[in-house]
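**Q** Sequence below, structure please.
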Amino acid sequence: MDEASLQIHTPRDKYNCVYIIFLIHGIATLLPWNMFINARAYFTNFKLGENSLGFKYSGNENFMQTLTFFSQVPNVIFNWSNIFVPLKGDLTLRIMWSIAINILIFIVTIILAMVDSSQWPDAFFWSTMIKVVILNMANGIYQNTVYGMAAKLPTKYTGAIILGNNICGTFTTVAYIFSHYVASSDKMAAIWYFITALLVLLIGFDTYFALPLNRFYRHYDIRDKKQQEKRMSEAGATERPPFLKIIKQAWPQLLNVFLIFFVTLAIYPAVNSGIKASSESFFLKDEFLYEQILCFLTFNVFAMLGSIVSGFVTWPSKKYLWIPVTLRLLYIPFYLFCNYKPILPTDQVRVLPVYINNDYAYWIVGSTMAFTSGYFSSLAMMYTPSMVENQYATVAGMFAGAALITGIFSGILMSFLWPWFVSHVGW
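**A** Sure, this is the predicted structure:
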């Protein structure tokens, strides 16, 4: 009787419990990646730095690009393959195993932080890359499943995942700065920093099991199952979703999602973290704080604010969102003309002129880049499921997740070009 009542009446999301749960999972899905990229100084200065090794390690030249590349390859593969060849089995088991693998990898990371790896830098470097591959193999399944689950619900719940993604970045940046200045050594700072990841992942693990107990979520889950059963009975049990039809209807928003994350990842974090202070009079004189605040904290805080604002303001409409999204391409040349100083081979220097030599201008424009990333990505992700019929909303949501990951991956590939570009192109 309770199930029959749930099919007819839409319960209220009391205390926004379901919204908060998807927010937490938005944090947890991007936590591993954010934890690793925010700890750039830990890898390039403490573990693989010249002071630790006694020589200049070649892997540092494109460390951030390499790390982000390896982190996203599994995500691209798993997100796209899971659409066309869905993984069978209980969603609970899929999410349980995904989070369990994340926890195991972070335990290994903490152990490696405790030991002296200066005698085997290559092994440490490649073990780090292997870890991010395994992490993101698990997260590819985790993220895709969470977006598919949220697509059953009203659009604001997809927005909750995006908001969680951006809160995750702010959280990890604050955690890294705090651990750096509170811990007694770089080793202890890394240990406490990575332990915070374990705590958040355990919270995500626990909150997932609250969803089936919530009447609001069960209402939409039952409705989605009934729609699927009806569609299958009408068209035959072997019918596959009309993928081409879904892409045709949703492609404007899928392209928007792709472009937003392409531009963002072509800049952040590879270029953004390589920009140095242009003026000695700028109030942030400490190089560590300059990078952490103007790059990581600024990006994550304003991206988070953009996601929050999208819950109250939905402008522009679906039809015109492509215009500001396309204009964001202009951020790429702006950042390259800032005081971007990547780690280059000893025989190379930057030859591209620095036209943006005002730190405040860089900070302000960087804030708008981050805000528009969070705001427009939330709009595009929320618009996508509404572009198709209700019974295909879940698949459209999965396509949006795949477009997001593809945009990230393409932007990362583009970021490999910038160190060569600034050291070979000048006028």
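**Q** alpha carbons only for contacts and neighbour counts from here, please
**A** Fine.
**Q** So which elements touch the lengthiest helix in the chain?
**A** The longest helix of the chain (DSSP state H) is helix 121-150. Judged by 3 or more Cα pairs under 8 Å, 6 or more residues apart in numbering; DSSP states H and E, the packing partners of helix 121-150 are helix 17-38, helix 63-84, helix 91-114, helix 156-182, helix 393-415.
**Q** okay, those in JSON lines with distance to Q227 next?
**A** As requested, the helices and strands packed on helix 121-150 are exported to JSON lines (distance: least, Cα to Cα, whole Å):
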{"stretch": "helix 17-38", "distance to Q227": "21"}
{"stretch": "helix 63-84", "distance to Q227": "19"}
{"stretch": "helix 91-114", "distance to Q227": "19"}
{"stretch": "helix 156-182", "distance to Q227": "20"}
{"stretch": "helix 393-415", "distance to Q227": "11"}
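**Q** what about these, which gets the closest to D221?
**A** For those, the distance to D221 is smallest for helix 393-415, at 11.2 Å, taking Cα to Cα.
**Q** on that earlier part again, list the buried residues for the longest helix of the chain?
**A** Using 16 or more other Cα atoms under 10 Å as the test for burial, helix 121-150 gives 121, 124-125, 128-129, 131-150.
**Q** got the angle between it and helix 63-84?
**A** 40 degrees (axes from the mean of the first three to the mean of the last three Cα atoms, to 10 degrees).
**Q** Quick check: A400 touching L255?
**A** No - taking Cα atoms under 8 Å as the definition, A400 is not a contact partner of L255, at 9.1 Å.
**Q** neighbour count winner among the two?
**A** A400 (31 against 18; other Cα atoms under 10 Å).
**Q** what's the nearest residue to the more buried one if we skip its chain neighbours?
**A** L254 (5.7 Å; Cα to Cα, 6 or more residues apart in numbering).
**Q** what angle separates the strand or helix carrying that neighbour from helix 393-415?
**A** Per DSSP states H and E: L254 is located in helix 243-267. When the same axes, to 10 degrees is applied, the directions of helix 243-267 and helix 393-415 differ by 30 degrees.
**Q** Helix or strand next in line after helix 243-267, which one?
**A** helix 287-291.
**Q** what comes into contact with that following helix?
**A** Helix 287-291 is contacted by residues I177, S273, G274, I275, K276, A277, L284 when judged by Cα atoms under 8 Å, 6 or more residues apart in numbering.
**Q** which parts of it are buried?
**A** Y290, E291.
**Q** ok, now stretch 403-418?
**A** So for stretch 403-418, counting by 16+ other Cα under 10 Å, buried means 403-416, 418.
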